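*Asks:* Sharing a model that was predicted from the sequence below.
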Amino acid sequence: MILQSGNVKVAILAFAEREFSIAGTHSPGAAPLDVIENVRQIEEAKSLGHIVIITVHGGNEYFRYPRPGLRRVCRFYIDLGVHAVICHHPHVAGAFEIYKERPIFYSLGNLIFDHTKPPPGWNDGYAVKLTFAASNRRVQVISQEIIPYEQSFPAIVKSYSTGWAALDAHMMICPPELIIVTGTPGHGKTQWVTALGANMARVHGLRGAILQFEDRPSRNHRDLLRYARAWMHAADGGVTIGTDDPHQWVEDMFLTISPTEDDDEDISLDLAWVKGAIEEAAKRHSCKWVTIDPFNEIEHLWGVRENETQYLNGALRDLKRLARRLQIALIIVTHPTKLGGEKSNIDDLTLYDVAGSAAWKNKADHGIIIHRNSPADPITTVKIDKARDNEMMGIPGKAQFEFDPQRALFTHVRR
């Protein structure tokens with residue numbers, strides 16, 4: 001193909017490694033990567049255009065680096081006078097190099113390529129912008145710009161039960177969404193959120209991550225193991241964990257991220273760190289839900305010209321956008337104000353009682369209050385204070401559960 005801009009002609013050649021749909025002597029198809037034949041084709045292209053670019057369909061799927069043989073061929077093209085080589089086919093963004101002052105890109109990733117269950121990196125890619133300059137009949141590549149992007153598709157909204165039928169009328173999880181959970185300290189917020197994540201893993205097969213700042217990871221791990229043992233065999237016909245190895249199930253379905261004391265000294269556990277951890281959990285570990293517990297323990301630093309309300313509005317906006325981009329349910333556990341925590345009647349507790357700002361109420365897709373009459377009371381009231389879309393997400397309401405610490409289970413209490 002020859003493109004012309006002003007007096008400059010650009011010749012573009014496309015070759016493909018031999019898989020299928022390769023052109024034959026008497027059949028149409030893609031031009032094969034045949035080094036001997038390619039030499040003739042490149043010489044012909046050089047005679048027709050000032051700039052020659054080659055695209056190559058080649059490489060190993062899901063592998064970011066070129067095989068030695070492919071790299072040798074691409075460099076040989078540059079030796080023949082080609083100005084740039086751009087490869088595709090691995091379906092993940094790959095490596096690039098500058099060889100003899102000319103670029104070789106070994107994989108740009110996918111541009112538009114849907115997948116029902118995309119593997120890590122499937123939706124990531126980059127475009128390439130090349131700038132050339134000609135002087136004394138000699139063409140040079142003066143710059144190459146890599147433009148990262150993420151392909152996306154119109155979302156098919158899917159709703160998930162919390163795993164408690166008594167809550168289905170009040171709460172259906174519809175990723176991507178932001179779920180805010182609050183309640184008096186010691187009244188079971190962490191236990192309930194852990195059980196919610198375990199239900200998502202058991203009932204729907206959705207892997208998740210827990211960013212734990214306050215409790216030791218061993219507590220979560222212990223509760224998850226108790227939960228898994230309780231659901232190895234379901235006498236009531238419920239969905240089991242699908243294995244007789246609870247340890248392996250917990251290992252497969254949950255990623256626990258808990259900063260150590262050493263981490264506290266070396267890095268700032270601020271919002272940027274949290275967003276990086278969420279992105280890694282979703283992209284590298286295929287997590288579909290992520291819990292931050294509690295939000296209050298993050299290092300919150302707002303600018304000189306903004307107050308706490310402005311900071312929280314911006315922080316929650318950024319986290320909600322991140323959840324939307326990653327297509328996950330983001331669950332944030334946060335403490336109420338001192339005054340809110342002293343309220344003894346759950347009907348009086350709302351998201352407006354969360355410490356910091358009314359932004360919690362405004363930004364939440366689901367807002368949940370967890371309450372007990374006392375920390376030792378196993379009867380736990382779950383109040384859905386907000387559901388943004390009543391048709392899809394449920395109608396605000398409440399239900400009571402009894403917590404069994406030996407099995408880490410919440411069982412509905414019928415009134």
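*Replies:* All right, it came through fine.
*Asks:* Do a quick rundown of the helices in the stretch 1-150 of the chain.
*Replies:* 35-48, 68-79 (DSSP state H, counting those that start in this stretch).
*Asks:* For those, give me CSV that also has mean pLDDT.
*Replies:* Listed next are the helices of the stretch 1-150 of the chain as CSV, based on pLDDT from 0 to 100:
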stretch, mean pLDDT
helix 35-48, 90
helix 68-79, 95
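*Asks:* Pick the most deeply packed of those.
*Replies:* Among the helices of the stretch 1-150 of the chain, ranked by average contacts under mean count of other Cβ atoms under 10 Å, first place goes to helix 68-79 (a mean of 16). From N, CA and C alone the C-beta is placed, and that goes for glycine too.
*Asks:* Packing partners of that one?
*Replies:* helix 35-48, strand 51-57, strand 84-88, strand 96-99, strand 102-105 (3 or more Cβ pairs under 8 Å, 6 or more residues apart in numbering; DSSP states H and E).
*Asks:* Tabulate these (JSON lines), appending distance to F76.
*Replies:* Putting these into JSON lines (distance: least, Cβ to Cβ, whole Å) gives the following:
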{"stretch": "helix 35-48", "distance to F76": "7"}
{"stretch": "strand 51-57", "distance to F76": "11"}
{"stretch": "strand 84-88", "distance to F76": "10"}
{"stretch": "strand 96-99", "distance to F76": "10"}
{"stretch": "strand 102-105", "distance to F76": "11"}
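*Asks:* W122 is nearest to which of the helices of the stretch 1-150 of the chain?
*Replies:* helix 68-79 (21.1 Å; Cβ to Cβ).
*Asks:* Tell me what angle that closest one forms with strand 51-57.
*Replies:* 170 degrees (axes from the mean of the first three to the mean of the last three Cα atoms, to 10 degrees).
*Asks:* How about residues contacting helix 68-79?
*Replies:* With contact meaning Cβ atoms under 8 Å, 6 or more residues apart in numbering, helix 68-79 is reached by 17, 33, 35, 38, 42, 54, 56, 58-59, 66, 85, 87, 99-100, 102, 104, 106.
*Asks:* With I257 as the reference, measure out to the spatially most central residue of the chain.
*Replies:* Most central in the chain under Cα atoms, centre = their mean is A282, positioned 3.2 Å from the mean C-alpha point. Using Cβ to Cβ, to the nearest Å, we find A282 at a distance of 12 Å from I257.
*Asks:* Just list the residues touching the spatially closest residue to E97 that is not a sequence neighbour, thanks.
*Replies:* Nearest residue to E97 in three dimensions, chain neighbours excluded: I104, at 5.4 Å (Cβ to Cβ, 6 or more residues apart in numbering). Counting by Cβ under 8 Å, 6+ apart, I104 makes contact with 71, 74-75, 78, 84-87, 96-98.
*Asks:* got CSV for the residues you listed, with distance to L351 too?
*Replies:* Below are those laid out as CSV (distance: Cβ to Cβ, whole Å):
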residue, distance to L351
R71, 56
C74, 56
R75, 60
I78, 60
A84, 54
V85, 55
I86, 50
C87, 51
F96, 48
E97, 52
I98, 53
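*Asks:* Narrow the contacts of helix 68-79 to those that are buried.
*Replies:* 17, 33, 38, 42, 54, 56, 58-59, 66, 85, 87, 102, 104, 106 (16 or more other Cβ atoms under 10 Å).
*Asks:* what's next to whichever strand or helix holds E280, contact-wise?
*Replies:* Following DSSP states H and E, one finds E280 within helix 271-284. With Cβ under 8 Å, 6+ apart as the test, helix 271-284 has contacts from 120-121, 124, 209, 211, 255, 257, 267, 287-288, 290, 292, 298, 300, 315, 318-319, 322, 326-328, 330.
*Asks:* need the next SSE after that helix, C-terminal direction.
*Replies:* Following helix 271-284 in sequence order, the next helix or strand is strand 289-293 (DSSP H and E).
*Asks:* Pull the residues that contact that following strand.
*Replies:* Residues outside strand 289-293 that contact it (Cβ under 8 Å, 6+ apart): 173, 175, 189-190, 193-194, 197, 200, 206, 208-215, 274, 278, 281-282, 298, 328-333.
*Asks:* angle of the helix or strand following that strand against strand 289-293?
*Replies:* Next helix or strand after strand 289-293 toward the C-terminus (DSSP H and E): helix 308-326. Between the axes of helix 308-326 and strand 289-293, defined by the same axes, to 10 degrees, the angle is 160 degrees.
*Asks:* mind giving me the domain split of this structure?
*Replies:* Domain ranges of the chain: 2-150, 160-412, per automatic domain parsing.
*Asks:* for the last one, how far is the first residue from the last?
*Replies:* End-to-end distance of domain 160-412: 18 Å, with Cα to Cα, to the nearest Å as the criterion.
*Asks:* Great, nothing more from me.
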